[in-house]
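Peer 1: I need the structure of the sequence given here:
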Amino acid sequence: MDAFISANLCYPEEAMKNKVDGSVYVKFDIDVFGVVHHAAVIQGIGHGCDEEALRLVGLLQFEKKKYRGLKVTFHSKLTIHFRLPTPPAPVTQEIKINYTYVEKKP
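Peer 2: Modelled structure (predicted):
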């Protein structure tokens, strides 16, 4: 699930502009057919991250489940972490030249 979330997570532009990062907690129900319903944010961070977390949860697909032979709805919670991407370190190369001057005597 972590690989699916990291592959499909689109960091909101508003959150990038305001340098917002943190975790969004989402609760949702999984019906008999493995479809997600009633997704809601328990604790959010705003700036478009809450909406992105709900979008991701809506994309999830689960296997059809039965509990002791009964068709039931499962309740689940998920934490989605939004971390600002770190800019790549600038590449700097230093060139050092060491030389010695030797004077030739005739």
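
Peer 1: List the buried residues of the longest helix seen in the chain.
Peer 2: If each helix of the chain is counted by residues according to DSSP state H, the longest one is helix 49-59. Buried residues in helix 49-59, counted by 16 or more other Cβ atoms under 10 Å: 49-50, 52-54, 56-57. C-betas here are computed from N, CA, C, even on glycine.

Peer 1: what do you get for stretch 75-90?
Peer 2: Of the residues in stretch 75-90, those scored as buried under the neighbour-count criterion (16+ other Cβ under 10 Å) are 78, 80, 82.

Peer 1: Need the contact partners of that stretch.
Peer 2: Here stretch 75-90 makes contact (Cβ atoms under 8 Å, 6 or more residues apart in numbering) with 1, 5, 9, 11, 15-16, 19-30, 42, 45, 49, 52-53, 56-57.

Peer 1: Swap in 7 Å and give it another go.
Peer 2: 5, 11, 15, 19, 21-30, 45, 49, 53, 56-57 (Cβ atoms under 7 Å, 6 or more residues apart in numbering).

Peer 1: Alright, calling it a day.
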